[in-house]
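S.K.: Whatever this is, show me its structure:
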Amino acid sequence: MAQTIVAEALTPEALTQLAQVLSQLASADNVVRSAAEEQLNTQLGSQPDILLSALAHMTRQHPDLHLRSFSAILLRRLALKQAANAPKNQNVTYYVWIGEGPRTYIQTELLESLKGEQQSAVRRKVADTVAELAKHMLEKGSTWMDLLHTIFDCARSPAADHRVSAFQIVAQVPQLISDTDVASMKRSFGAALQDTAVEVRLEALNACVQYMIVLEGANLAAFSDFVPRMLDVLPALVDEEDELEKALGYIIELADVHPKSMRAVVPHLVQFTTQVMKNEEIDISQRQTALELLMTLAESAPAMMRKHAGFCQSLIPILLEWMGQLEDEEKWFTTDDIEDEDCESDDIIAGEALDRLARALAAEDWRKRHGALMTISAIAEGCAKIMEAELARILDVIVPHFRDPHPRVQWATCNAIGQMSTDFAPVLQNRFADVTLQNLVPVLDYRDFPRVQAHAAAALVNFAQEVKKEAIAPYLPAIFEKLLVLLNTGKTYVQEQAITTIATVADSAEDNFVKYYSAIMPLLLNVLRQATQKEFRLLRGKAMECASLIALAVGKEVFAQNAAELIELLRQSQESITDADDPQSSYLLAAWARICKVLEADFVPYLPYVLPPLLRSAQLKPDFALIDADEDEETLKEKYDEDWEMLVIDGQRIGIRTTVLEEKCTAVEMLICYARELGAGFAPYVKEVMAIVVPLLKFYFHEGVRHAAAATIPLLFASIVKAQCRKYRVSHRYFPYNASMSSYISAREDFDIYAAWHEVCAKIIETSKDEMDPSFLAQLYTTMQECLDVLGPNSTPSNLREDFITATLSQLDDYFNRITEREASRSDVDHDAEDEEVLQNEEENDDIFLAELSTALHQFLKQHREGFIPQFDRLAPYVHRFITSSQPPARQWAICVFDDVIEFGGPDSVRYQAQFWEPIVHALVDQSAEVRQAAAYGVGVAAQFGGPAYVQACAAALPNLFAMINAPVARSEENILATENGISAIGKICHFLGQSGAFDLNQMLSAWVDALPITEDSDEAPHTYAYLLELLQQNHPAVLGADNSKLPKISLILAEALASPDLLSEQPDLVSQVVGILRQLVANCGEDVRGQLWNSLTPEKRKVLVEKGYV
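M.R.: Below is the predicted model of the structure:
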């Protein structure tokens, strides 16, 4: 019925009118085009079924091929738009909204068009539209059965165009056939891959690849033996260069997703691709695509490629040959423009791809020497472990080429040293500072080759970033003398680099830079005053960067003489910016933040100037571009410069402008600086900033933005707390935040900090629930625990605590899945040492995630105590799973969590005692010192906070505690903290449970004194020594010993405690008591005993006691 109504509405008049509107949409007249767009949108909103059906009809039947093609494109775009009249909470497109009847009419028309269209260009547009609509309906759970029949009919058609269309649709929507029997698909694809028409073979190859990408498990394994037949398509395409590039591109997609499926064909593939790369009659683009295929396999399945003996042997000579393809042009040496590099040339591509060190530095041809040096630059990161052991030899070979007769080789030497300074930092800087600087610094004087000078200065930046100030100090006079000369050169790019290098070296030199301040800062201010033309914007930006870094290096007192002038120049610069792409913007953001760090609270008056542009940058929205599937790489390179990154999301190519993202990230990072440095002074801006950064937790386009946003949140809450405390003159410690102060402030302040926290907390939890990146998940838990620490007790309601546990359980499930995946990877036939290193890096990220989760749980338990126990009930089985793990870090993590439950849950923690106590007691004699330390701490807090239910349990733990602290290696560096936690635990058992009668207190105290002192653990020392003093003041016989025999030992214990740096530095009252008791004990000892005690201490400890006046 609905189809009939639609058909009746498509009168000749209506179709003619629509054709006229479509023609007007292509008009060059803006008025005509805008009127047509408005008319089309009006009809789409009022009669979407009629409009879409009419477009389908015209796609099939209109005599003008351009209108048929345009109708197909427009149908796809309009049909998949969000329906304006649909409920806002429903994601409904017009194609769904129009209902089944009109949809059936449209589908019928499109399939008929697919069968009958004679023009290839129009057929391709129709096939694209069919594929997009089919994909959309599949996502909605609907299957277009007639389409499947049409595809199979087209695949068997005698017309090549029909066969092309069939595989074109399959390639775009492989899910259509994913449930089809694999054997039958092999037969269909097999015939198509041998088709007489090259375009059919290409589309069939693409369809094969896309089909394999969506296959899983047994089906993927069953189809993998078909890969050799897919690759048989390639040899015949060598003379068809565009087709070859397309085919290689399809194989690259497969190599990226399912590289292991290609194991059997690796030898053949390496042979074929290297032959293509060596064939100079083939276009450079195709040769580079062949290389890209090998590189994709090497990156996706490195172990598999390492096992192929001929891979490197075949590839490296070709790449070295490519790297030697340079022209000896004099203008290169002295150019005024260094932005003329052809980044797509063979030498650059090869440099990025090489993974073995070539030895060609002694070649007579300068091109070979240049290629070898560029090879070293390229492989340093990938071969770091191997090369680090050979750094001395490598430098011996490289540094003489700073004096090579050819400037291109000099430049390459600078490049190699600069790259190695990054890849081998800080080893290179720590071990080879002299040899590097003695050879690199003189290159700054190569005045005939300014490009080499600039590159030497750039290499110095990389080196200086990780060098110790003591190592670079002897070279500072020469460095700054030469950089000042470069600063006065006539070439802007040399000046820019000189300024950048001055800034970095000043940052590394720190206070050693003070003597050069008066010579350099005026020059930088002069650049900002006088270089006002547009072509000097980057130079000005670098001057801002340099001046602000110098201010950081010399400090507030030295910088004060120029602070006002620099601030005024920055303000003027900020007001002068009118272009969105002005490079000064990003430099200003960072410069203001550095000056804030120097001036601290004195910077607050400048915030009204600084923050508005900063917040605008923080709110920048990324520039997107939807890339048409038909656009080739050359067209893309013409339309989008290097500032654009191309991504594929759900099959759609999307371009995103990365420069916007970097500016946004810098802005959010600067907010961290302002909130941290200004504290209470930043409070007036907290509400506005919070509204900006919280949504950025889900800014998935840039990880740096997300991390910075998360790190900003607790600092914003801290700013409010500090401001309110200052306003009401409440004494406070910001970390942790005092509970009574929290109540005092919230009752007196309009800003409801807790309502804000509840909203933010909900967003953090929501983000964490489905987060797939362990490193960012760790950041979210860090943010959570820091906020809890600032906001204090009972700050988070029970519903949010429940949500936190729900999200955490989901993440722990994912964590256990990752463990399973790593175990499977380790059993893979290709698994090797380098694969293992990757897995260990993943495990490190997971360990960080668990550590931050533990800290967040610690804060929840600390701030909500027994109130968090009901939520912990759901988490307890997961923690128990860790405590029984065979991995020491997992056991330690679980014990630490249960330690917090005992400490903050108190007697309520007994409900879990059956789950954790026996493992904790066994852990006291674990092989891992970290596990023993956690277990000992747990026993101690159980005695202190656990209540009567822990009396017998703690008493039963004493034998293992004494076994631990009396072990022969108990006081080794590895074991000392575990041992001291054990000593502390015994002291707590005696202190808090000594009157229970569950053990012989006198015997335990005597043995406990014999185990002292504690000299390393500043957390456990205060309670231990306070308890010891209490027993001494009571003249407890078990502590004093028979006839006061233990007094010399106790005197030595107290002396060791006082002589241990920072052990009791936070406890001045306790220190005074210890000093008093020690003096009293020593006074009562004989001269010979005092001499023995004094000689028992190391010279360093005797010096501390004397200098502090303790003896």
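S.K.: all contacts plus neighbour counts: C-alpha atoms, from now on.
M.R.: Will do.
S.K.: List the contacts of the residue nearest the centre of the chain.
M.R.: The centroid of the chain falls nearest to residue 703 when counting by Cα atoms, centre = their mean (5.3 Å). Applying Cα atoms under 8 Å, 6 or more residues apart in numbering to residue 703 gives the contacts residue 776.
S.K.: now do residue 76
M.R.: Applying Cα under 8 Å, 6+ apart to residue 76 gives the contacts 129, 132, 133.
S.K.: Need the residues you listed in TSV (columns: pLDDT, neighbour count and secondary structure).
M.R.: Below are the contacts of residue 76 laid out as TSV (pLDDT from 0 to 100; neighbours: other Cα atoms under 10 Å; DSSP: H, G, I helix; E, B strand; the rest coil):
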residue	pLDDT	neighbour count	secondary structure
129	92	22	helix
132	92	19	helix
133	91	21	helix
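S.K.: Considering those, which is situated nearest to residue 414?
M.R.: Using Cα to Cα, residue 132 comes nearest to residue 414 of the contacts of residue 76, at 51.4 Å.
S.K.: Please parse this structure into its domains.
M.R.: 1-130, 1024-1111 (automatic domain parsing).
S.K.: I'd like to know which of those lies nearest to residue 441.
M.R.: Of the domains of the chain, nearest to residue 441 by Cα to Cα is domain 1024-1111, at 42.1 Å.
S.K.: Tell me how many other residues surround residue 684.
M.R.: 12 (other Cα atoms under 10 Å).
S.K.: how far away is it from residue 965?
M.R.: Here the criterion is Cα to Cα, to the nearest Å. By it, residue 684 lies 54 Å from residue 965.
S.K.: Okay, residue 691 and residue 850: tell me how far apart.
M.R.: For residue 691 relative to residue 850 (Cα to Cα), the value is 29 Å.
S.K.: The two - which one has more neighbours?
M.R.: residue 850 (22 against 11).
S.K.: who's in contact with the more buried one?
M.R.: Residue 850 neighbours (Cα under 8 Å, 6+ apart): 778, 893.
S.K.: ok, 10 Å please
M.R.: Taking Cα atoms under 10 Å, 6 or more residues apart in numbering as the contact definition, residue 850 lies against 774, 777, 778, 781, 812, 815, 844, 856, 889, 890, 893, 894.
S.K.: and if you look at residue 707?
M.R.: Contacts of residue 707 by Cα under 10 Å, 6+ apart are 665, 668-669, 696-697, 699, 775-780, 783.
S.K.: And the pLDDT for the residue nearest to the centre of the chain?
M.R.: Note for residue 703: predicted pLDDT of 92.
S.K.: do residue 390 as well
M.R.: For residue 390, the predicted pLDDT is 80.
S.K.: Ramachandran angles for it?
M.R.: Backbone torsions for residue 390, taken as degrees, to the nearest 10, come to phi -110, psi 20.
S.K.: Residue 28 too?
M.R.: Taking degrees, to the nearest 10 as the convention, residue 28 sits at phi -80, psi -10.
S.K.: So it versus residue 599, what's the distance?
M.R.: Residue 28 is 57 Å from residue 599, where distance means Cα to Cα.
S.K.: Who has more neighbours out of the two?
M.R.: More crowded of residue 28 and residue 599, by other Cα under 10 Å: residue 599, with 21 against 9.
S.K.: That one and residue 558 touch, don't they?
M.R.: No - with contact defined as Cα atoms under 10 Å, residue 599 does not count as touching residue 558 (11.3 Å).
S.K.: Can you pull the residues that touch both of those two?
M.R.: The contact lists of residue 599 and residue 558 share 551, 552, where a contact means Cα under 10 Å, 6+ apart.
S.K.: Can you select the buried ones among the contacts of residue 850 for me in PyMOL?
M.R.: Those of those that count as buried under 16 or more other Cα atoms under 10 Å are selected in PyMOL with:
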select buried, resi 774+777+778+781+815+856+889+890+893+894
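S.K.: Which helix runs longest in the protein?
M.R.: The longest helix of the chain (DSSP state H) is helix 833-864.
S.K.: tell me which residues of that helix are tucked away?
M.R.: 835, 839, 842-843, 845-864.
S.K.: Run the chain-centre distance for stretch 254-262.
M.R.: For stretch 254-262, the separation from the chain centroid amounts to 25 Å (computed by Cα atoms, centre = their mean, to the nearest Å).
S.K.: Also stretch 152-165?
M.R.: 47 Å.
S.K.: Check stretch 455-471 too.
M.R.: How far stretch 455-471 lies from its chain's middle: 25 Å, per Cα atoms, centre = their mean.
S.K.: start the count at 239, not 1, going forward
M.R.: In the new numbering, first residue 239, that becomes stretch 693-709.
S.K.: Flag every buried residue along that stretch.
M.R.: Quick answer for stretch 693-709 (16+ other Cα under 10 Å): 693-707, 709.
S.K.: then that stretch to PDB, C-alphas only?
M.R.: Extracted in PDB, the C-alpha atoms of stretch 693-709 (Å, rounded to 0.1, in the frame of the first residue of the first chain):
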ATOM      1  CA  HIS A 693      71.000  21.500  12.500                       C
ATOM      2  CA  ALA A 694      73.900  21.400  14.900                       C
ATOM      3  CA  ALA A 695      71.900  23.700  17.200                       C
ATOM      4  CA  ALA A 696      68.900  21.400  16.900                       C
ATOM      5  CA  ALA A 697      71.000  18.400  17.900                       C
ATOM      6  CA  LEU A 698      72.200  20.400  20.900                       C
ATOM      7  CA  VAL A 699      68.600  20.800  21.900                       C
ATOM      8  CA  ASN A 700      68.100  17.100  22.000                       C
ATOM      9  CA  PHE A 701      71.300  16.500  23.900                       C
ATOM     10  CA  ALA A 702      70.700  19.300  26.400                       C
ATOM     11  CA  GLN A 703      67.200  18.100  27.400                       C
ATOM     12  CA  GLU A 704      68.600  15.200  29.400                       C
ATOM     13  CA  VAL A 705      72.100  16.400  30.300                       C
ATOM     14  CA  LYS A 706      73.100  17.100  33.900                       C
ATOM     15  CA  LYS A 707      73.900  20.700  34.600                       C
ATOM     16  CA  GLU A 708      77.400  19.800  35.900                       C
ATOM     17  CA  ALA A 709      78.300  18.000  32.600                       C
END
